[in-house]
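Asker: Quick one, fold the following:
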Amino acid sequence: MLSSLSGKDNGTGSSDLSNKVMGALGPVIAEHWPTIEPYADKALASAQDDATIEALARKIYPWLPMLVRMALKEDKFVSFTIEHKAPLLAKLAEYKNK
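Answerer: Coordinates of the predicted model:
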């Protein structure tokens, strides 16, 4: 998994990694939906801009566990987040429409 994030993967496991990430996010979004819901429309609208996603990823990075930050540099995390924003936004929209 970390090889996919760090760019050492040839891309064959990218969809598998995306599925794993989205599978893990589903329960988290469901658990925290009452807190997220008031911001969902604004988040979906502003998240269409890559600059917004980049700024968000850079703010999230310091909160990642130390082991993850040691294995994954900030620029790789930001590029991964931007590259995989569509599944995340789709998952957020799915919960919004329920």
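Asker: Just give the closest residue to the residue nearest in space to the middle of the chain, not the sequence neighbours.
Answerer: Closest to where the C-alpha atoms of the chain average out (C-alpha atoms, centre = their mean) is residue 81, at 5.0 Å. Distances taken as C-beta to C-beta, 6 or more residues apart in numbering place residue 57 nearest to residue 81, at 4.0 Å, with adjacent residues excluded. C-beta here means a position set from N, CA and C on the backbone, and glycine is covered the same way.
Asker: ok, residues contacting the helix or strand hosting that neighbour?
Answerer: Using DSSP states H and E, residue 57 maps to helix 50-60. By C-beta atoms under 8 Å, 6 or more residues apart in numbering, the residues outside helix 50-60 that reach it are 46-47, 74, 77-78, 81-82, 85.
Asker: What subset of those is buried?
Answerer: Neighbour-count burial (16 or more other C-beta atoms under 10 Å) is assigned, among the contacts of helix 50-60, to 47, 77-78, 81, 85.
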